[in-house]
Every structure is written in C-alpha cells, then in structure tokens.
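S.K.: heads up, no residue letters with this:
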C-alpha cells in the first residue's frame, strides 16, 4: 500500500485551522495521532479525505511548513485592538467565493454596457456622518417616512436590501459557505464585509448573526462602499471601535437608520426603557438594538447600562428567532445568498450561452441542471 510523505505539523495545522471538534475528527481518522506524531503516513485516499474534512487544499499538505494565509481584503476586525491573526477556512472560502462572483459580475456589467456607479467612493472621512447618512438615505430611498409603510422592522430590512439591490449593490446574506449547511459561518469571527467596485459593489452579511443585528451591519458596510473601501468588519451596534474608519462607518450607519434629530424629538421623559425600545423600534422600523445604540449616543443611558441592556435584548431576540426557524424555501434562500441582482444576471447569461453551466453551478453552490432550471423559473425565467 503506497503512502505519502507529509510533514507531521501539516496535520496539526489543518486541524487547528479548521476549528473542528477534535474528538469527532479523531473518531473519523483513528490514525490521526500517529500521523501527527510522524509514526506513520496516510495513503493518498486517506489524505484526500482528511483534506476534505478540514476544508484544506490537498496540495498544501505537500508543503514543508504551513502556509501563511492572509485575508485577501483589508481586515478591520480587532480583539483588544489587535488584528485577528488566522481566518477560518469558512471565512476565507466565503471571501473567495464573493470575489469570484464580483469578478464575474464586473465582466457582465462591462459586456452589457453598464455605467460606473457614481456613489462608490463619493465620500471621505472628512464628510460629516450626518451629511453622509443623508446622502445614503436619499440614494437608497430609505427614509423613516418610507419605512413606515413596512409592517415590521424585519420587513424594513427586506426593503433595505431590495433598495440597495435597486441602485446596483449586490447584497449577499448567508450563514453558511455556499449552500453547504455543514459549514456554518461564525458571527463571532465576522459580521460582514464590503467589496468595493464601481461596476460591481458587493456587501456580504453573515446570516448566522441575529437578524436584529443585520440591518446595522448592512448600513455599516454600505458606508464602506460610499468611501470606496473594501473591508472585513466585526462591528455592531454594541461595539465602539478604535479604528477611525470603523468609527465613522458606525456613526453613518446609526444616523442613516435613526436620525438623531428625529430620535430626540420622539423621546419621552421618565419612560421605562422597555417601553421606549418597543415604541421607537416600531416608529423607526429598526430593531431594538439600534434604538439602544441611539439611547447611548443621545446620552440617555450610560455605557454600563447600555451593555447590560444590549446583551439582554440580544438574547431575547435570538430566542424569538430560534423559535421561528424553519426550513424555508431553497430557491428563495439561494437568491438571498447570492443576491437577486447577481442571480438574475447569471441565470440570463447562462441561458443565453455566455456563461458555462458548470461555472454557474459553482458560483450558485448547486450541482444539478434540474435545480438550476427550477431556480431560473423561481426568478421568472422560462427554463
């Protein structure tokens, strides 16, 4: 039986990198401890299986030492003001997948004669957050008055995504890598990222994060696009970042969703905080987490009270979301994961013969022609 010579540390690297349960991995590969100790070597089939299990390219195992895998985009995530050193394979693969989709859409936009989007890179950090938010609000048609037509803030979030799609931003929301439900994304690792491009701007939102947090993430990443900046973020309404760009994007996001002038006008003296959250979340059609953030910004609560209230409210909202989780519609979910703008363009290009079915399947994360055809029909294309 032929075995392949692999440096023992490569097995440990792959195990640590994948962030998988060690006991489960050991149970699946009983000889793993011996491989890591250099006592024996795997067969090529065993190595390929181990590479798949750890989501590592099999070619990497033949390197003399673990490779450096820096993120291909600027990383604004911090822990105690230090950049996080090692991205997970799930995060890396998601960034690569979105970059591939963006590259495809940029070529598509050029072929179909689309014009560059003027708003991308139209602002700088010198622009006041209030002015920046006003420009985003006008471009997106996402004023408080417009949102009042929505029954709930979750409906307002859907409208927010649709309005971003309308002006040319591909908004992709997924909690897993492609359509692989065995590879969930970790909201503790990142909440979203923006890939800036004048023809193919893209925002990715970690769908594993609470829906209540996703509206703020979207607003934050859109602010990055208005700066013309590609970036990975982990900020949310409860984070006060030290990075000047992230501070600005947070301020713009908060002002876009809940203008401070309007917010102050709606405050009621001595109202219990629970009543305030419920009333103003309904009035502004945002989650109660954003209202809490604005109470802090307005000076109505101190930081200690804010963080305690935020944690309690987030736990309550996650419990509600968990109780309502269902299977959902596969085709609608897939469109959300790749954005309707991208999905429509890709299906049309594939049906017209400009894109290979193989490439379309890969970018959509599907495997069968029948699935692709049904997906096309769900988007309104006669397949």
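M.R.: Done, it's in. Only a predicted model underlies this, so the values are computations on that prediction, with no experimental measurement involved.

S.K.: Please make it C-alpha for all contacts and neighbour counts, starting now.
M.R.: Fine.

S.K.: pLDDT of stretch 102-109, averaged?
M.R.: Per-residue pLDDT values over stretch 102-109 give a mean of 98.

S.K.: 22 is where my numbering starts, stick with that
M.R.: OK, 22 is where the count begins now, so the last one is stretch 123-130.

S.K.: buried stuff in it?
M.R.: Across stretch 123-130, burial judged by 16 or more other CA atoms under 10 Å covers 123, 125-127, 129-130.

S.K.: Now render the residues you listed as JSON lines, adding distance to residue 47.
M.R.: Below are the buried residues of stretch 123-130 laid out as JSON lines (distance: CA to CA, whole Å):
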{"residue": "123", "distance to residue 47": "38"}
{"residue": "125", "distance to residue 47": "40"}
{"residue": "126", "distance to residue 47": "42"}
{"residue": "127", "distance to residue 47": "44"}
{"residue": "129", "distance to residue 47": "46"}
{"residue": "130", "distance to residue 47": "48"}
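
S.K.: what's the closest of those residues to residue 265?
M.R.: Nearest to residue 265 among the buried residues of stretch 123-130, counting by CA to CA, is residue 123 at 27.0 Å.

S.K.: In this structure that closest one contacts residue 224, no?
M.R.: No - under the criterion of CA atoms under 8 Å, residue 123 makes no contact with residue 224, lying 10.2 Å away.

S.K.: Show only the entries of the buried residues of stretch 123-130 found in helices.
M.R.: 123, 125-127, 129-130 (DSSP state H).

S.K.: The residue lying closest to residue 53 once chain neighbours are set aside in helix, strand or coil?
M.R.: Nearest residue to residue 53, sequence neighbours excluded (CA to CA, 6 or more residues apart in numbering): residue 47, at 6.2 Å. Residue 47 falls in the helix class when you classify it by DSSP: H, G, I helix; E, B strand; the rest coil.

S.K.: Could you report the neighbour count for residue 47?
M.R.: Neighbour count of residue 47, defined by other CA atoms under 10 Å: 12.

S.K.: how far out from the middle of the chain is stretch 282-292?
M.R.: Distance of stretch 282-292 from the chain centroid (CA atoms, centre = their mean, to the nearest Å) equals 32 Å.

S.K.: Ends of that stretch, what's the gap?
M.R.: One end of stretch 282-292 to the other measures 19 Å (CA to CA, to the nearest Å).

S.K.: In it, which residues are buried?
M.R.: Those would be residue 284, for stretch 282-292 by 16+ other CA under 10 Å.

S.K.: Hmm, residue 322 is touching residue 316, no?
M.R.: Yes - the pair residue 322 and residue 316 passes the contact test of CA under 8 Å, sitting 6.1 Å apart.

S.K.: More neighbours: which of these two?
M.R.: Taking neighbours as other CA under 10 Å, residue 322 and residue 316 compare with residue 316 leading, 21 against 17.

S.K.: Under a three-state scheme, what state does residue 193 occupy?
M.R.: For residue 193, the assignment made with three-state DSSP gives strand.

S.K.: Isn't residue 205 up against residue 229?
M.R.: Yes - counting by CA under 8 Å, residue 205 does reach residue 229; the two are 7.4 Å apart.

S.K.: Helices of the stretch 72-221 of the chain, residue ranges please.
M.R.: Using DSSP state H, counting those that start in this stretch, the helices found in the stretch 72-221 of the chain span residues 110-132, 150-161, 165-168, 174-187.

S.K.: For residue 279, find the nearest of those.
M.R.: Proximity to residue 279 (CA to CA) singles out helix 165-168 among the helices of the stretch 72-221 of the chain, at 7.7 Å.

S.K.: For the helix or strand containing residue 274, report the contacting residues that lie outside it.
M.R.: Applying DSSP states H and E as the criterion places residue 274 in helix 265-278. Residues from elsewhere that reach helix 265-278 (CA atoms under 8 Å, 6 or more residues apart in numbering): 97, 146, 150-151, 153-155, 157-158, 165, 237, 240-242, 244-245, 256-258, 261-262, 305, 307, 311, 314-315.

S.K.: Residue 182 contacts residue 189, doesn't it?
M.R.: No - counting by CA under 8 Å, residue 182 sits too far from residue 189 to count as a contact (10.9 Å).

S.K.: who has more neighbours, the two?
M.R.: Using other CA under 10 Å, the more surrounded residue of residue 182 and residue 189 is residue 182, with 23 against 18.

S.K.: My guess is residue 378 contacts residue 371. True?
M.R.: Yes - under the criterion of CA under 8 Å, residue 378 makes contact with residue 371 at 6.2 Å.

S.K.: Was I right to think residue 97 contacts residue 251?
M.R.: No - using CA under 8 Å, residue 97 is not in contact with residue 251, being 10.0 Å away.

S.K.: buried sites along stretch 250-264?
M.R.: Under 16+ other CA under 10 Å, the buried positions of stretch 250-264 are 250-259, 262.

S.K.: Likewise for stretch 354-367?
M.R.: 355-365, 367.

S.K.: swap in stretch 374-383?
M.R.: Neighbour counts over stretch 374-383 (16+ other CA under 10 Å) mark 376, 378, 381-382 as buried.

S.K.: Redo the residues you listed as JSON lines? Include pLDDT, secondary structure and distance to residue 138.
M.R.: Putting the buried residues of stretch 374-383 into JSON lines (pLDDT from 0 to 100; DSSP: H, G, I helix; E, B strand; the rest coil; distance: CA to CA, whole Å) gives the following:
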{"residue": "376", "pLDDT": "97", "secondary structure": "coil", "distance to residue 138": "24"}
{"residue": "378", "pLDDT": "96", "secondary structure": "helix", "distance to residue 138": "29"}
{"residue": "381", "pLDDT": "96", "secondary structure": "helix", "distance to residue 138": "25"}
{"residue": "382", "pLDDT": "96", "secondary structure": "helix", "distance to residue 138": "28"}
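
S.K.: Please consider this matter closed, and thank you.
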